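Student: Okay, predicted coordinates and the sequence, questions at the end:
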Amino acid sequence: MADFKQIPNKPTLGLGCWAIGGPFYSEGRAVGWGEIDDNVSKAAIAVALEHGIKHFDTAQAYGCGHSEVVLGEALKSHPDIAIATKIGLAIDTETKQLIGPITDPEEVRKTIDASRKRLGRDTIDLVLHHNNELPVEDAKPTFDMLADLYDDGTIAAFGWSTDFPDSMRAFADHPGFTAVEHAMNVFLRAEHMVPAVEDTKLLSLIRSPLAMGVLGGKYDANTQFSTDEIRGSNRGWQDYFEDGKITDRHMGQLNAVRETLMTGGRSLAQGALAWLWARTPNAMPIPGFRTPAQVIDLCGALDHGPLTPAQMDEIETILDRPAEGVPKSR
C-alpha cells in the first residue's frame, strides 16, 4: 500500500479529483467544475499512472460521492496507488447537494464506510477533515474517532484540510496525523502555514496550486466562466474571479511573472508547480485535471524540477502581493 506519511525527498506530484466529480451544488449555487465525461476522466487517470503518479486526492463532497466512484473504478486494479479523501460535510448523492457540516463522530464514521465502498478499498490511505474553519474543540471528537480508525487499520493516516495553523498544530502530535492540506500558489505564499507545517514535519498537500486554473495557461482576461461551475458562481472566498472573469489584479500579476515561470522550456502550469517545490520541501502539489492532455502537461513539471533560488528571488522582486493578514479559509 502507498502512503501519505513521508515528506518527499524530491519533487513529488499528486492529482486532485474535484473536477472529475461533475456538477454539485451548495445553497443553490454550483460548487463543481461543470459537466464531465467519466470515460475521459478514467483515461486521464490511466495516463497519470503511466507517468508515475502515485497519489490522488478526492473528497466525499466532490460530486457528492461521484468523484470517489470514478476514482475507485479507475484504480480498481491498482491497490498500490494512494488515495486521500475528505470527510465532515454531509452530502445528498441523489440531488448532488452539499447539506452542511457533520460534527457527530459516529455519523462521520458511517460516511467513511460509505467512502470505502465507493473507493473499493478496505483501508483508506489518508482521511482529511474537510471543514476548514471548524473550531478545535468541535473537531476533537472526530479526530479522536479517526485515531481509533487508525489504530484498527481502517485508515492508514489522517489529517486536516485547513488554512489555520493553530488548528493543525492542535492535532499534529497524534499518532497517524501525518498531513495537512492547504492553499498555496504563486499568488499566495501561505506565510502562516508553511512555517507551521515545516516545524511539525507534516506532509504539505497543496490545493489550488494553479489558483483554480488561472496559472494553467488556458485562460485570459476575456474568458467568461459559466455560472454552472464554481469559477462563475461568485462564491465569496474565490478572490481569483469576479463576475465570472479572472480579476485584473491576478491577470496583472500573472503577466508580470509569466516569462520567469516559463524559463527552461516549461509550460506556465509547470512553472507554477516548480515555484511550489522551491517554496518548501514538504510540498506535494495536487493540481486538478479533466483530460489526458492536462495530465501529461502537469506530469511534465517533474522533468524540470523546482525553480532556482535566483528565479524565486526574481519573482519576489516582481510581485507586489497584498498582505495575507490573519489566517482565513482559502
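Tutor: Yep, that arrived.
Student: What confidence value was assigned to residue 120?
Tutor: Per-residue confidence (pLDDT) for residue 120: 98.
Student: what's near enough to touch the residue lying closest to residue 119 once chain neighbours are set aside?
Tutor: Of all residues not flanking residue 119 in the chain, residue 72 sits nearest, at 4.0 Å (Cβ to Cβ, 6 or more residues apart in numbering). Bear in mind the C-beta positions are built from the backbone N, C-alpha and C, glycine included. Residue 72 makes contact with 118-121, according to Cβ atoms under 8 Å, 6 or more residues apart in numbering.
Student: what's residue 72 sitting at in phi/psi?
Tutor: phi -60, psi -40 (degrees, to the nearest 10).
Student: What confidence value was assigned to residue 1?
Tutor: Model confidence at residue 1 (pLDDT) stands at 41.
Student: wait, residue 189 sits on residue 322?
Tutor: No: in this structure, residue 189 is not within contact of residue 322 by Cβ atoms under 8 Å, at 11.1 Å.
Student: quick one, which of these two is more surrounded?
Tutor: residue 189 (17 against 9; other Cβ atoms under 10 Å).
Student: Pull the number of nearby residues for residue 110.
Tutor: Around residue 110 there are 11 residues (other Cβ under 10 Å).
Student: what does the strand or helix carrying it rub up against?
Tutor: Residue 110 belongs to helix 105-119 when assigned by DSSP states H and E. The contact list for helix 105-119, computed with Cβ under 8 Å, 6+ apart, reads 58, 60, 65, 68-69, 71-72, 75, 83, 85, 87-88, 90, 102, 122-124, 127, 141-142, 144-145, 149, 154-155.
Student: name the helices or strands packed onto the very next helix or strand once past it?
Tutor: Downstream of helix 105-119, the first helix or strand assigned by DSSP H and E is strand 126-129. Packed against strand 126-129 by the contact rule (3 or more Cβ pairs under 8 Å, 6 or more residues apart in numbering; DSSP states H and E) you find strand 82-87, helix 136-151, strand 158-161, strand 177-183.
Student: got the buried residues for strand 126-129?
Tutor: 126-129 (16 or more other Cβ atoms under 10 Å).
Student: Tell me the spacing between the residue lying closest to residue 256 once chain neighbours are set aside and residue 258.
Tutor: Leaving out its chain neighbours, the residue that sits closest to residue 256 by Cβ to Cβ, 6+ apart is residue 318, at 5.0 Å. To residue 258, residue 318 is 10 Å away according to Cβ to Cβ, to the nearest Å.
Student: Please apply the same query to residue 192.
Tutor: 27 Å.
Student: now swap in residue 167 and tell me
Tutor: 35 Å.
Student: now do residue 315
Tutor: Counting by Cβ to Cβ, the gap from residue 315 to residue 258 is 11 Å.
Student: Comparing the two, which shows the higher neighbour count?
Tutor: A direct count of neighbours by other Cβ under 10 Å for residue 315 and residue 258 places residue 315 higher, at 18 against 13.
Student: I figured the more buried one hits residue 186, correct?
Tutor: Yes: in this structure, residue 315 is within contact of residue 186 by Cβ under 8 Å, at 7.0 Å.
Student: Overlap of the contact sets of these two?
Tutor: The contact sets of residue 315 and residue 186 overlap at 257, 261, 275 (Cβ under 8 Å, 6+ apart).
Student: can you list the helices and strands packed on strand 126-129 in JSON lines and add mean neighbour count, distance to residue 35 and mean pLDDT?
Tutor: Shown next, in JSON lines, are those (neighbours: other Cβ atoms under 10 Å; distance: least, Cβ to Cβ, whole Å; pLDDT from 0 to 100):
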{"stretch": "strand 82-87", "mean neighbour count": "26", "distance to residue 35": "23", "mean pLDDT": "98"}
{"stretch": "helix 136-151", "mean neighbour count": "17", "distance to residue 35": "33", "mean pLDDT": "97"}
{"stretch": "strand 158-161", "mean neighbour count": "26", "distance to residue 35": "25", "mean pLDDT": "98"}
{"stretch": "strand 177-183", "mean neighbour count": "24", "distance to residue 35": "26", "mean pLDDT": "97"}
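Student: As CSV, the ones you listed with distance to residue 233 would be great.
Tutor: As requested, the helices and strands packed on strand 126-129 are exported to CSV (distance: least, Cβ to Cβ, whole Å):
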stretch, distance to residue 233
strand 82-87, 20
helix 136-151, 28
strand 158-161, 20
strand 177-183, 18
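Student: List just the one of the ones you listed that sits closest to residue 201.
Tutor: strand 177-183 (9.4 Å; Cβ to Cβ).
Student: CA atoms of the closest one as PDB?
Tutor: The C-alpha atoms that make up strand 177-183 are tabulated as PDB, following Å, rounded to 0.1, in the frame of the first residue of the first chain:
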ATOM      1  CA  PHE A 177      -1.800  12.600  11.900                       C
ATOM      2  CA  THR A 178       0.600  12.900   9.000                       C
ATOM      3  CA  ALA A 179      -0.600  15.600   6.600                       C
ATOM      4  CA  VAL A 180      -2.200  19.000   6.200                       C
ATOM      5  CA  GLU A 181      -3.800  20.200   3.000                       C
ATOM      6  CA  HIS A 182      -3.800  23.900   2.500                       C
ATOM      7  CA  ALA A 183      -3.900  26.500  -0.300                       C
END
